[in-house]
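In: dropping a prediction and its sequence here:
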Protein chains: 4
Amino acid sequence: MIISMKKAATPEQIDHVKQLIEEFGYRVHESRGSERVVFGAIGDERGKERLTCLEAQPGVEKVIRILAPYKLACRETKPEPTLIDLGLGVRVGNGKLLVIAGPCAVESQEQIMTVAESIKHSGAHMLRGGAFKPRTSPYAFQGLRNDGLVLLAEAREKYGLPVITEVMDIAGIEVISEYADCLQVGARNIQNFQLLKEVGKTNKPVLLKRGLSTTIEEFLMSAEYVLSGGNSNVILCERGIRTFETATRNTLDISAVPVLKEKTHLPVIVDPSHGTGHARYVEPMAFAAIAAGADGLMIEVHPRPEEALSDGPQSLRPNEFEKLMEGIRRIAAAVGREV
Amino acid sequence: MIISMKKAATPEQIDHVKQLIEEFGYRVHESRGSERVVFGAIGDERGKERLTCLEAQPGVEKVIRILAPYKLACRETKPEPTLIDLGLGVRVGNGKLLVIAGPCAVESQEQIMTVAESIKHSGAHMLRGGAFKPRTSPYAFQGLRNDGLVLLAEAREKYGLPVITEVMDIAGIEVISEYADCLQVGARNIQNFQLLKEVGKTNKPVLLKRGLSTTIEEFLMSAEYVLSGGNSNVILCERGIRTFETATRNTLDISAVPVLKEKTHLPVIVDPSHGTGHARYVEPMAFAAIAAGADGLMIEVHPRPEEALSDGPQSLRPNEFEKLMEGIRRIAAAVGREV
Amino acid sequence: MIISMKKAATPEQIDHVKQLIEEFGYRVHESRGSERVVFGAIGDERGKERLTCLEAQPGVEKVIRILAPYKLACRETKPEPTLIDLGLGVRVGNGKLLVIAGPCAVESQEQIMTVAESIKHSGAHMLRGGAFKPRTSPYAFQGLRNDGLVLLAEAREKYGLPVITEVMDIAGIEVISEYADCLQVGARNIQNFQLLKEVGKTNKPVLLKRGLSTTIEEFLMSAEYVLSGGNSNVILCERGIRTFETATRNTLDISAVPVLKEKTHLPVIVDPSHGTGHARYVEPMAFAAIAAGADGLMIEVHPRPEEALSDGPQSLRPNEFEKLMEGIRRIAAAVGREV
Amino acid sequence: MIISMKKAATPEQIDHVKQLIEEFGYRVHESRGSERVVFGAIGDERGKERLTCLEAQPGVEKVIRILAPYKLACRETKPEPTLIDLGLGVRVGNGKLLVIAGPCAVESQEQIMTVAESIKHSGAHMLRGGAFKPRTSPYAFQGLRNDGLVLLAEAREKYGLPVITEVMDIAGIEVISEYADCLQVGARNIQNFQLLKEVGKTNKPVLLKRGLSTTIEEFLMSAEYVLSGGNSNVILCERGIRTFETATRNTLDISAVPVLKEKTHLPVIVDPSHGTGHARYVEPMAFAAIAAGADGLMIEVHPRPEEALSDGPQSLRPNEFEKLMEGIRRIAAAVGREV
């Protein structure tokens, strides 16, 4: 941490701040510039958040953090990539791309079976489908709940695809863990720290979706919650951030891929369906994600998007997904990756 | 909903979309412009979210919502302002301003008692203090938890101030309801719909804090979750949104006050402490909020901000709060309000 | 500037960076933490932008600026507020509030005269009106141009109101300076540095409108362009920034007022008309601006907003402006200001 | 345009609005829903901006535009892609990728010649280099100005590379047109409409860089300014937008590529150097841009980035650019494009 004093700070104020930094348990490094005094606080970065309260001290101009506040998620701490086993022989983090596909929500047996069969045939590795759905409106379809889980397990059994579904609250962790191979924490819950702590106590792989206004640093701090609970199987998923642009549902931050790959050892995948909100932009953005170095993709597929109970406009039809997979193989090869 | 067809849509596509709108249960209104056909879907607005899936239909250009998707929160439905009883004679929504003050987190008996005494003396109506704290870092202070609740209750008893504290998960609702007069749902949980549903089943007043990237419409949809659960005692709190500007911690959206007051009958208060992140900007922004028509304020006060375990830089000292209250009374009088 | 080295930086890289900082003409202050080396570069802040290129140097993690890059606009350099004479006895920066009002665009003699008469009567100090209009669409009304200037001058003469109008390019400075008392640089030109340099060479007061995505620091750097040209008569105008929220045309950043007042000695006014985009939000946001400490307001007034050639939805009618002025006087009194 | 009336609008208000729409020259289409009346205004979209002033009319709730406000830039108007001749046999819009490379600013003869030789050797098609530089700080390097143009022309001559450089004001158009093959309008001038009108009168190709907070629709309206002036040779360049994320200099909106390619016939290129601000993210984002369907790239290359007078941290060294070109060829092949 850097603590920059005001130009007009008195010698007493300067001394007092120095003393406070030491009382907080840090070694002080002092730099006297032409205009002002700047302190460095040296010691364990994890507790330094505490030092920000020095901004309330007379004479202090600002407190600036220099180092990353996460440790377990940090690539400096663990340079080699984390490999995660998702069940039924599917893994992510080993260089091969992971493709997760399926409907936004499980709607019926016929729907989920049709999708599972077609995506399996097209080469997807994992099935997605929401059983419990977070919806902006209380009047919108909220998911088949437990019945949805049963249907996912049935599709898993029949097509040999591991399954991922969203866990919306602590109460749901146990039952969802029985049926699913990977727990998804949705964008709206990315700073639901109680939920993060609890999934951190399980041994299930966890996929974290970046929130609409989560910075990359905050995203990694949310991963740190899960990791510090003892669960090291965390997958990060970029799915679009909220900006002023309205031509797309969100702005898919493809640059988050190289930034995250640099800062962390955790696998990073991209969801171009939520990221763009329109089926016609899914293919170019899926290609972009792979070209930028993503470890995988999460794609929404529905047999009849025009009748979907949620997110129809962004869902591919099975034949469009088939075509997408062909393109993905070509892009993957161009960047030296296998699908 | 307006469904706008593409210029190049075929007559078959146009007819099919018309038929689908009717199958969804809406009456169709057709308008043939010089360049394209535009449909209006007429019927209950609450289920219309469903119509957005028509964007997946060939020939459709876009689907635009015209009316608000909330009903219970809507001022058109209920023009008179909602009056909420917060206990110990304190109310909001009756024209008088509500001032809530207290530390970010309850840290010790001495701290919370000192603050409670001083804010009571300065004229605040309600005491705030976090017992369970949502923190970006798993290594930061997470609150005194149940001990914090006990301390809040003690301060409530001694100084006659009703108490508000944050509920972070469903499991916490019961115990917090025993101690607190009002449940706060934090900015990070504003779209934790499971939590919203559960607080909607209680009869406690609920204060909802707008999320960092929550639109006003989404904010009202979150209120709708609580209202549709049967709890009509919802207070809305603007506390800053996330923008590109970094001079302030968040950008306090003061214009949300008149916009919300126009669209809903629920009381609207403002938190300039989180909204700006710096104690020195709290006074001008508190004044601005009152001038813009807010029904109240939530202000962080700490006896020694430079030692606070969280949010020190944005906390006022008791004497600063005393001075703030004097200013608030003057502004309130200028806009015809009492404190 | 702080130059933070990577944890893995080699001693050679560390030495080389130190040497480069010195070659750029700065004194180096070195701090060796538990994990990495951090350098401070000490010397004149104005040229330090140059040091950012060190990020391209192997071993460097990041370069962080600590001090403000502006000098002339800085309150540390000049603590007393700048007083600006706008002509015909009108001044800003002396504690009294400045109210500028008028139509978005000058449309006709009848229109501008009607408005001038009514705002004068209501107590406004200065007349605004666009003669050259920046419009998003090339097909929209572009202003009466020179004829508009003549009409403004006529209104100035008749009602004794100094006049402000927008200068859109360098070619327009001369003629507009003949007719207007203050040159407005619009939000879209706030980083049109050539234009800023040229208005900096005149002796006319200049009103700078913050751009839609201009940070407060960049805004002050744009002021610095005008000041460093020799023109010290700069007024800053907050008029809304672009965020994700669409309920208002822009998000009026009221907190920019106290932030700017702290960082600079230049007068700061607010334009709630552009800031909100809707006439019904102008009054509460005008009140908020005054309560937050603004030195003045810029308000759009049109005799018949529903027929305005631009920005009708955000224009007040003369009688609404009259009522607004009454409220402004009350708020001003509450914060110890005169109108 | 859709004009939606309030639920509480009176029959007189409804009739009056209908009449006003007709007076503005549009045919009215009326739809009476269960809750309110909605009008459609039918006629030429280009003048419809005017209708927004109806929001000032009593009884009107809001005015919503349905169709795009641009005509000449619109793919519906001209489905085939626009092919632009950049001189010396270089073209864009014909399916082959265009790679523009060079330093942020021309700094010396040695610098520009070194870069030109190396990028030519690596396979770039066009040389970039700023002679007139828009800089946030008036104290930063402002470019070699006319001397820079002469150096660019020398490099053009020697290496057979057409040249692009930025035009910052109307006064510079003539001289820059003498030396350069393509005029660049920078991000900060994207709504400098006077400049757009003037470059629209030339016959030089114009590259428009999207502004930091320019929506895609506004970006196309700025193109419309140039096109409506008679110059049909417009290239669009995505270069990052401003969001809350600070890990990258800007957020490169890769999804703007497929959105723009859908909406317009103009060629679309991407600048990952400005878009990310860090050399190490340029390669993955260049790959992403090509994978998403961009028609080309603009890349900053400098022989010694750590000494660059501007934008060093985002500049590639010649050998890094060489390696980038190899990767680009592989990605291009994977999406069926040639470089």
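Out: Okay, I see it.

In: for chain D, what are the nearby residues on the stretch 151-300 of chain A?
Out: A:213, A:215-217, A:241, A:243-248, A:251-259, A:262, A:275-276, A:280-281, A:284-285, A:287-293 (CB under 8 Å from any CB of the partner chain). Quick note: C-beta positions are derived from backbone N, CA and C, even for glycine.

In: how about the helices in chain A?
Out: Remark: helices assigned in chain A by DSSP state H are A:11-23, A:109-122, A:146-159, A:173-179, A:193-199, A:216-228, A:256-263, A:272-276, A:279-291, A:318-334.

In: what's the angle from the longest one to helix A:109-122?
Out: Put simply, helix A:318-334 runs at 30 degrees to helix A:109-122, going by axes from the mean of the first three to the mean of the last three CA atoms, to 10 degrees.

In: who are the packing partners of helix A:318-334?
Out: Contacts defined by 3 or more CB pairs under 8 Å, 6 or more residues apart in numbering or on different chains; DSSP states H and E place helix A:318-334 against strand A:98-102, helix A:109-122, helix A:279-291, strand A:296-300, helix D:318-334.

In: could you dump these to JSON lines with distance to A:R65 and mean pLDDT?
Out: Shown next, in JSON lines, are those (distance: least, CB to CB, whole Å; pLDDT from 0 to 100):
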{"stretch": "strand A:98-102", "distance to A:R65": "33", "mean pLDDT": "98"}
{"stretch": "helix A:109-122", "distance to A:R65": "43", "mean pLDDT": "98"}
{"stretch": "helix A:279-291", "distance to A:R65": "30", "mean pLDDT": "98"}
{"stretch": "strand A:296-300", "distance to A:R65": "31", "mean pLDDT": "98"}
{"stretch": "helix D:318-334", "distance to A:R65": "30", "mean pLDDT": "98"}
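
In: mind putting those in JSON lines, mean neighbour count included?
Out: Formatted as JSON lines, those follow (neighbours: other CB atoms under 10 Å in any protein chain shown):
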{"stretch": "strand A:98-102", "mean neighbour count": "27"}
{"stretch": "helix A:109-122", "mean neighbour count": "19"}
{"stretch": "helix A:279-291", "mean neighbour count": "27"}
{"stretch": "strand A:296-300", "mean neighbour count": "28"}
{"stretch": "helix D:318-334", "mean neighbour count": "18"}
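
In: could I get those as JSON lines with distance to C:P58?
Out: Listed next are the helices and strands packed on helix A:318-334 as JSON lines, based on distance: least, CB to CB, whole Å:
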{"stretch": "strand A:98-102", "distance to C:P58": "33"}
{"stretch": "helix A:109-122", "distance to C:P58": "44"}
{"stretch": "helix A:279-291", "distance to C:P58": "26"}
{"stretch": "strand A:296-300", "distance to C:P58": "31"}
{"stretch": "helix D:318-334", "distance to C:P58": "12"}
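
In: quick one: residues contacting the nearest residue to A:N231 once chain neighbours are set aside.
Out: Closest residue in space to A:N231, ignoring its immediate chain neighbours: A:G200 at 4.8 Å, by CB to CB, 6 or more residues apart in numbering or on different chains. If you count contacts by CB atoms under 8 Å, 6 or more residues apart in numbering or on different chains, A:G200 has them with A:V206, A:Y225, A:V226, A:L227, A:S228, A:G229, A:G230, A:N231.

In: let's go with 6 Å and repeat that
Out: By CB atoms under 6 Å, 6 or more residues apart in numbering or on different chains, A:G200 lies in contact with A:V226, A:G229, A:N231.

In: of those residues, closest to chain D?
Out: Ranked by distance to chain D (CB to the nearest CB), the contacts of A:G200 are led by A:V226 at 20.5 Å.

In: tell me the pLDDT of that closest one.
Out: Note on A:V226: pLDDT of 98.

In: go ahead and confirm it touches A:I235.
Out: No - A:V226 is beyond contact range of A:I235, at 10.3 Å (criterion: CB atoms under 6 Å).

In: neighbours of A:L83, how many?
Out: When neighbours are counted by other CB atoms under 10 Å in any protein chain shown, A:L83 registers 13.
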